[in-house]
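K.L.:
I'd like to go over a predicted model; first the sequence, then the structure.
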Amino acid sequence: MTLNLRIEEQKYGQQTVIKNIEYPFEKGSLYGLVGKNGQGKTTFFKCILGLVKYKGNTEFKGHKLNISEVAWCPTEPHVYGELTSSEFKEFYAELLEIEKTDEKDLFEIPQNKLIKEFSTGMKKKIYLNAIFQKDFQIYLLDEPFNGLDIESNYRLTNYLKEKVKNGIVIISSHILDSLYSICESILLIQDTKLKEFKKTEFDEIERILFKMDEK
């Protein structure tokens, strides 16, 4: 099972964000995605999902990838403040036509409190609980650890380690240490290009990523 990504070019106006990228994401591998702000990490995810226009294509199991096949969590997931956490979960289940199960939520959250009363971290937990009602073969998570406490990070990390056994997981994070311990490969986006680093090469990432800051 492979997710094949080919981006010939993606532009915003006259500015090229990503160019000449081809990469096969393989089942059973947990990938990290890093890059400085503005280098195209979120755009990279949006290309895979088909949420932005670009020259190229994303194929999964011989067909064009459909966003319904992906567990997608943006940096700042949108939740409806006037709903309770349980109502949002039910809404999301109906949206994705997810059959109800007795499986326990990953995160424990008060069920009858309005979402607008929760912190940013709690809102992210609500969104992740809603997504994880369904088993996916592809998980794309943009800065999922932001706003989560240490126990929640631990729970999420272990959850993804299980899911990647039968799927593909791609995580972006500006906290490099959070990726070093769980990823087989880390992809660096810089100057419109994509460069892959295996575990034995992780110590090179910071040197390349921050070389422009060296005096």
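P.N.:
Perfect, thanks for sending it. Numbering: from 1, shown residues only.
K.L.:
residue boundaries of the helices in the chain?
P.N.:
With DSSP state H, the ranges of helices along the chain come out as 41-49, 85-95, 120-131, 150-163, 176-180, 203-209.
K.L.:
let's have those in a markdown table, adding mean neighbour count and mean pLDDT.
P.N.:
For the C-beta atoms, the positions are set from N, CA and C on the backbone; glycine is no exception. A markdown table is the format used below for the helices of the chain (neighbours: other CB atoms under 10 Å; pLDDT from 0 to 100):
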| stretch | mean neighbour count | mean pLDDT |
| --- | --- | --- |
| helix 41-49 | 22 | 94 |
| helix 85-95 | 17 | 92 |
| helix 120-131 | 21 | 94 |
| helix 150-163 | 14 | 94 |
| helix 176-180 | 15 | 91 |
| helix 203-209 | 13 | 89 |
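K.L.:
so which of the ones you listed gets nearest T58?
P.N.:
T58 lies closest to helix 41-49 among these, at 5.2 Å (CB to CB).
K.L.:
what residues are up against the spatially most central residue of the chain?
P.N.:
By CA atoms, centre = their mean, the chain has its centre lying nearest to L141, at 1.5 Å. Residues near L141 by CB atoms under 8 Å, 6 or more residues apart in numbering: 71-73, 160, 169-172.
K.L.:
nearest to Q14, of these?
P.N.:
Distances from Q14 to these, taken by CB to CB, are shortest for S172, at 25.5 Å.
K.L.:
make TSV from the contacts of L141 and add distance to E204 to it.
P.N.:
Below are the contacts of L141 laid out as TSV (distance: CB to CB, whole Å):
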residue	distance to E204
A71	30
W72	29
C73	28
L160	24
V169	22
I170	20
I171	19
S172	19
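K.L.:
nearest to I126 among those residues?
P.N.:
The nearest member of these to I126, counting by CB to CB, is C73 at 11.3 Å.
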